[in-house]
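Colleague: All I have is the shape, not the residue letters:
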């Protein structure tokens with residue numbers, strides 16, 4: 001593999017040429033996580049390798065059972081690959097401001113372009129969003145010379161636990177049927193069934209010609225055929241137009257516009273449009289350390305990111321998505337009142353039992369492979385701060401809280417009053433029991449600070465005086481027991497000495513002024529003990545008992561939180577230098593994972609919503625002075641494009 005960088009105007013694009021290497025027969029040929037790009041339709045998503053192979057796809061929802069899972073088992077998982085028959089080099093990009101992926105294969109005999117997309121939903125489709133019909137289109141176009149191509153299709157439904165036979169459906173179609181589910185592949189080249197459940201195609205394409213492959217999913221037999229030829233071109237043009245129109249809403253006009261737009265497009269892909277929920281990632285069990293056990297299912301929606309997800313969407317001009325996310329949040333949390341879970345599925349389901357898929361090898365042998373997430377049973381104080389913060393962002397943009405939502409919100413504040421002194425599992429979902437985590441205490445302080453302010457603004461009814469008294473008590477206790485004078489820094493747990501990058505939130509939520517010496521000392525200690533150049537680790541796994549063996553990579557969102565903390569402390573030069581280094585860690589199409597290793601390898605589930613949210617918020621923070629939550633005036637919100645109008649209490 002070789003690479004070069006090309007600077008385009010104020011943005012950047014990494015163009016890496018990838019030389020195809022044929023795997024040794026029988027070997028587990030896993031591609032680096034950075035080798036993948038994402039396509040989707042805001043209902044489900046697929047990962048496409050630089051080699052032109054779809055190695056991960058769950059239909060019809062993000063958290064549905066997979067049909068292709070080579071990402072988690074190179075030999076058994078299933079895939080759908082299209083690429084030149086011989087050696088090639090590959091570059092790729094997203095077409096303009098879209099989520100349509102274009103891969104260019106250069107061979108000794110010519111050049112072809114592979115276009116991959118999931119068609120955007122039409123208005124008719126939107127009216128039937130709950131029906132699990134999906135499409136995926138792939139177009140091969142020769143732009144120079146003549147190229148011999150090959151395709152291989154291996155559907156392996158239900159996480160490769162099933163191998164239903166492929167059946168011919170005429171000259172141009174194959175079907176794969178598993179109970180009520182049907183996958184139909186159509187192509188305008190001959191498809192040959194090899195063995196029981198694999199199909200292959202070999203064809204030569206001359207300059208100026210195009211070939212199409214279309215995969216459709218339906219829960220009725222026969223499946224609705226995906227369209228080819230002119231109809232496929234119409235779908236492609238319509239989908240490109242859809243994404244361009246959506247992208248035109250971007251209000252950010254700072255120096256990192258290209259990266260900000262790409263991150264916003266990632267968040268849109270990770271949004272489940274029928275409900276407005278945003279999943280943490282489209283994947284499960286990509287490891288935080290190669291060969292380790294820290295492999296989690298991230299195809300769900302976490303509350304811990306809520307307020308800063310909403311701020312990122314609003315600040316970038318995507319008001320509809322911001323509103324939809326808060327409305328999903330209000331709906332989902334109401335289902336488990338008075339308890340808040342830390343995660344839910346895209347429709348607010350709270351029961352997400354965790355199990356392992358022992359028949360899969362895991363990415364590069366990283367086992368176990370998990371589906372579901374046991375963390376849904378944990379108690380985390382910080383989610384109360386996130387939920388109330390998101391609701392405040394919502395009201396600051398002119399949205400109203402109806403009577404029942406006001407009651408629920410006030411009840412959340414009362415629960416904090418009742419439970420803030422309890423230990424919790426902490427933001428990092430440790431499996432070693434409950435502790436008095438400093439970050440959690442800071443966030444319940446922020447929750448009551450927000451609730452008090454919502455009453456003052458007329459959006460909420462409640463005992464604001466009591467909430468202020470408790471808020472002040474929390475702050476005194478955190479300053480007394482959460483700050484280690486010897487280290488000169490806030491620490492992970494009360495009366496402790498271990499550091500934790502999550503306490504960087506203290507400046508983000510206005511717990512102290514950004515230039516307070518105690519926050520400055522915390523920044524210095526975290527950079528010294530948890531930092532490695534631009535990377536920040538969450539905590540020291542060799543010192544902290546989190547209930548799990550082994551280590552992990554650096555947590556990329558923490559590095560973006562550090563950018564914000566530096567900017568809030570008016571250390572803009574340091575913040576911008578750090579931000580630029582972090583941008584260089586994205587792959588060639590601008591995607592970032594959950595974690596990274598110092599050598600540049602991306603780790604963890606991919607792409608990661610929280611990382612891209614961190615990028616968006618850091619970019620906004622650098623573009624213009626941003627005060628912490630709760631200190632921005634309503635006039636400032638209006639000036640930023642969000643109308644702030646008092647709600648009508650009791651509506």
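Modeller: Thanks, I have the structure now. As the structure is a computational prediction, the values presented were derived from the model and not from experiment.
Colleague: contacts and neighbour counts: CA atoms only from here.
Modeller: OK.
Colleague: For residue 80, list each beta-bridge partner.
Modeller: residue 54, residue 153 (DSSP bridges).
Colleague: hang on, it packs against residue 150?
Modeller: No. Using Cα atoms under 8 Å, residue 80 makes no contact with residue 150, being 10.9 Å away.
Colleague: and the two? which has more neighbours close in?
Modeller: A direct count of neighbours by other Cα atoms under 10 Å for residue 80 and residue 150 places residue 80 higher, at 23 against 16.
Colleague: what sits against the more buried one?
Modeller: 53, 54, 55, 68, 151, 152, 153, 154, 155 (Cα atoms under 8 Å, 6 or more residues apart in numbering).
Colleague: And for residue 255, the neighbour number?
Modeller: By other Cα under 10 Å, the burial measure for residue 255, its neighbour count, is 14.
Colleague: What distance do you get for it to residue 47?
Modeller: Residue 255 is 29 Å from residue 47, where distance means Cα to Cα, to the nearest Å.
Colleague: mind listing the strands in the stretch 551-651 of the chain by residue range?
Modeller: 554-555, 595-596, 602-603 (DSSP state E, counting those that start in this stretch).
Colleague: ah, wrong one, I meant the stretch 401-550 of the chain
Modeller: Using DSSP E, counting those that start in this stretch, strands in the stretch 401-550 of the chain cover 483-484, 489-490, 531-532, 535-536.
Colleague: Quick check: the two most widely separated of the contacts of residue 80?
Modeller: 68 and 151 (14.8 Å; Cα to Cα).
Colleague: Would you map the helices across the stretch 201-350 of the chain?
Modeller: In the stretch 201-350 of the chain, the helices defined using DSSP state H, counting those that start in this stretch lie at 230-247, 257-269, 306-315, 319-335.
Colleague: Mind giving me the packing neighbours of the longest helix seen in the chain?
Modeller: Using DSSP state H to define each element, the chain has its longest helix at helix 438-457. In terms of contacts (3 or more Cα pairs under 8 Å, 6 or more residues apart in numbering; DSSP states H and E), helix 438-457 is packed against helix 382-396, helix 403-419, helix 464-481, helix 505-508.
Colleague: okay if I get the contacts of residue 80 as TSV plus neighbour count and pLDDT?
Modeller: Below are the contacts of residue 80 laid out as TSV (neighbours: other Cα atoms under 10 Å; pLDDT from 0 to 100):
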residue	neighbour count	pLDDT
53	19	98
54	26	98
55	25	98
68	29	98
151	20	98
152	21	98
153	23	98
154	22	97
155	27	98
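Colleague: Need those in JSON lines (columns: distance to residue 35).
Modeller: Below are those laid out as JSON lines (distance: Cα to Cα, whole Å):
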{"residue": "53", "distance to residue 35": "11"}
{"residue": "54", "distance to residue 35": "11"}
{"residue": "55", "distance to residue 35": "11"}
{"residue": "68", "distance to residue 35": "17"}
{"residue": "151", "distance to residue 35": "19"}
{"residue": "152", "distance to residue 35": "19"}
{"residue": "153", "distance to residue 35": "20"}
{"residue": "154", "distance to residue 35": "20"}
{"residue": "155", "distance to residue 35": "21"}
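Colleague: For residue 220, report the pLDDT, please.
Modeller: Predicted confidence (pLDDT) for residue 220: 70.
Colleague: thinking again about what came up before, and the contacts of residue 80, which is closest to residue 377?
Modeller: Using Cα to Cα, the contacts of residue 80 come closest to residue 377 at residue 68, 29.5 Å.
Colleague: Which residues are in contact with the closest one?
Modeller: 54-58, 77-80, 154-157, 159-160.
Colleague: and it, bridged to which residues?
Modeller: On the basis of DSSP bridges, residue 68 is bridged to residue 57.
Colleague: distance of it from residue 156?
Modeller: Distance from residue 68 to residue 156, by Cα to Cα: 6 Å.
Colleague: any residues in contact with both of these two?
Modeller: Between them, residue 68 and residue 156 share the contacting residues 77, 78, 79, judged by Cα under 8 Å, 6+ apart.
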